[in-house]
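Chemist: What would the 3D arrangement of this be:
(one chain, ligands or ions: 2)
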Amino acid sequence: MSHPTFPSHVTLVDVGPRDGLQNEAQPVEAADKIELVHRLQAAGLREIEVTSYVSPKWVPQMADNAQIMAGIQRQPGVRYSVLTPNMKGFEGALASRADEVVIFAAASEAFSQRNINCSIAESIERFRPVAEAAKAHGMKVRAAVSCALGCPYQGEVSLDAVEDVVQRLLDIGSDHIGIADTIGVGTAGRVTAVMERALKHVPLAELSGHFHDTYGQALTNIYSSLALGIHTFDTSIAGLGGCPYAKGATGNVATEDVVYLLHGLGINTGIDLDALVDAGAFVSSVLGRKPVSRVSNALLAKRTQA
Ligand code: HMG
Ligand code: MG
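Modeler: Ligands and ions are numbered 1, 2, ... in the order given. Predicted structure coming up:
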């Protein structure tokens, strides 16, 4: 049996502090969010999505964005990104000296309306000046295509719809495209088809997967992306999160689970799994629950037995 050739190194972007914590109803102290970022970089993460500059009325948990960005001790070689839905958000990102901004457009009209209160076409026009301003300031622009594998409101999303949004995001100057399974419904074959469409337009090095794990498919979806040579994934420490506008969706696949998979495949990540498990245990204890990571819980149980 022939095996696919996997990449030798994979970059993980921990989006837990943003995509994870944005969905927490309980208040989380700024000091704990800052500590989480410090623990992630100490564990070897080189890309961290720290917070978002969105309306505090829509997402109250991210209202402390400037405080978090000012409070983190930056480590050379680590890229700190923030989510920006419009120019107001970009101004916050610029003032906080973010390295990268994340913009996001949905492949589904219904989701675009619920998430950011405008159509897909309008959202692209809102992001155009954000992308231009980011580039003018030497910041990288990462763009997410939400609902690329399915939508909580309209159900199926066509490959053409995904390809169209990918093209539009590239047209406005995005440097990187993330294919996002916002509600975690995608399965491996469909992920391969979506990624192959995206690869018609996006270079391998600038395409990533952002898989929520609602249906438990994220690891297989990553595996099928790896088989295409894709080597960047968004993951969330301790499996934190969900999406405030996608009811029932769980967090992104846990960083711990993905690191375990990758190391098992002999793929280098630069991440120390033990330190990562500590980071996940830390944020989980802040939130008063166990990590949503099989690997983390297994390793924590093993430690108590030792
Ligand atoms: P809107 O109400 O249509 O906007 O919201 P508006 O321009 O009419 O402004 C309304 C109020 O919001 C005004 O304040 C603005 O100043 C303020 P008021 O005059 O009422 O006091 N405002 C802002 N405040 C702070 N920062 C800003 C900002 N912009 C306007 N940037 C808006 C439009 C986009 C702002 C709103 O819909 C919003 O913030 N939505 C939140 C979207 C969000 O954070 N969603 C979750 C993240 S996306 C995600 O998780 C998906 C992803 O992970 C990939 C995947 O999994 O699919 C990336
Ligand atoms: Mg997400």
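Chemist: these two touch, right, Ala42 and Ile271?
Modeler: No: using Cβ atoms under 8 Å, Ala42 makes no contact with Ile271, being 10.5 Å away. Placement of C-beta: from N, CA and C, glycine included.
Chemist: ok, these two, which is more surrounded?
Modeler: Between Ala42 and Ile271, counting by other Cβ atoms under 10 Å, Ile271 is the more crowded of the two (23 against 14).
Chemist: neighbours around the nearest residue to Arg46 once chain neighbours are set aside, how many?
Modeler: Leaving aside its chain neighbours, Arg46 sits nearest to Val78 (5.4 Å; criterion: Cβ to Cβ, 6 or more residues apart in numbering). By other Cβ under 10 Å, the residues close to Val78 number 16.
Chemist: go on, Glu125?
Modeler: Close neighbours of Glu125, defined as other Cβ under 10 Å, add up to 13.
Chemist: Please point out which parts of stretch 192-210 sit buried.
Modeler: By 16 or more other Cβ atoms under 10 Å, the buried positions in stretch 192-210 come out as Val194, Met195, Arg197, Ala198, Leu199, Val202, Glu206, Leu207, Ser208, Gly209, His210.
Chemist: What of stretch 152-172?
Modeler: Of the residues in stretch 152-172, Pro152, Tyr153, Val157, Ala161, Val162, Glu163, Val165, Val166, Arg168, Leu169, Leu170, Ile172 count as buried by neighbour count, 16+ other Cβ under 10 Å.
Chemist: what residues does that stretch touch?
Modeler: The contact list for stretch 152-172, computed with Cβ atoms under 8 Å, 6 or more residues apart in numbering, reads 103, 105-111, 114, 120, 124, 127-128, 131-132, 143, 145, 147-151, 177, 179, 182-183, 193-194, 197-198, 200-202, 246-249.
Chemist: filter these down to the ones near ligand 1?
Modeler: Filtering the contacts of stretch 152-172 for neighbours of ligand 1 using Cβ under 6 Å from any ligand atom leaves Thr182.
Chemist: Give me the subset of the contacts of stretch 152-172 lying in helices.
Modeler: 109-111, 114, 120, 124, 127-128, 131-132, 193-194, 197-198 (DSSP state H).
Chemist: what's the most distant pair in these?
Modeler: Glu132 and Ala193 (32.1 Å; Cβ to Cβ).
Chemist: quick one on the thing from earlier: I'd like the ones in helices among the contacts of stretch 152-172 written out as CSV, with pLDDT added.
Modeler: Shown next, in CSV, are the ones in helices among the contacts of stretch 152-172 (pLDDT from 0 to 100):
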residue, pLDDT
Glu109, 94
Ala110, 93
Phe111, 93
Arg114, 91
Ile120, 96
Ile124, 97
Phe127, 97
Arg128, 98
Ala131, 98
Glu132, 98
Ala193, 98
Val194, 98
Arg197, 98
Ala198, 98
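Chemist: Buried members of those residues into ChimeraX, please.
Modeler: The ChimeraX selection below is limited to those of these classed as buried (16+ other Cβ under 10 Å):
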select :109,111,114,120,124,127,128,131,194,197,198
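Chemist: Reformat the ones in helices among the contacts of stretch 152-172 as JSON lines; add distance to Tyr223.
Modeler: Below are the ones in helices among the contacts of stretch 152-172 laid out as JSON lines (distance: Cβ to Cβ, whole Å):
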{"residue": "Glu109", "distance to Tyr223": "31"}
{"residue": "Ala110", "distance to Tyr223": "30"}
{"residue": "Phe111", "distance to Tyr223": "26"}
{"residue": "Arg114", "distance to Tyr223": "31"}
{"residue": "Ile120", "distance to Tyr223": "30"}
{"residue": "Ile124", "distance to Tyr223": "32"}
{"residue": "Phe127", "distance to Tyr223": "31"}
{"residue": "Arg128", "distance to Tyr223": "35"}
{"residue": "Ala131", "distance to Tyr223": "32"}
{"residue": "Glu132", "distance to Tyr223": "37"}
{"residue": "Ala193", "distance to Tyr223": "15"}
{"residue": "Val194", "distance to Tyr223": "15"}
{"residue": "Arg197", "distance to Tyr223": "19"}
{"residue": "Ala198", "distance to Tyr223": "17"}
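Chemist: what sits against Phe177?
Modeler: Not Phe; residue 177 is Ile. Residues near Ile177 by Cβ under 8 Å, 6+ apart: Ala143, Ala144, Val145, Val166, Leu169, Leu170, Ala198, His201, Val202, Glu206, Leu207, Ser208.
Chemist: is it true that the first one touches Gly173?
Modeler: Which is Ala143. No: contact criterion Cβ under 8 Å: Ala143 and Gly173 do not qualify, at 9.3 Å.
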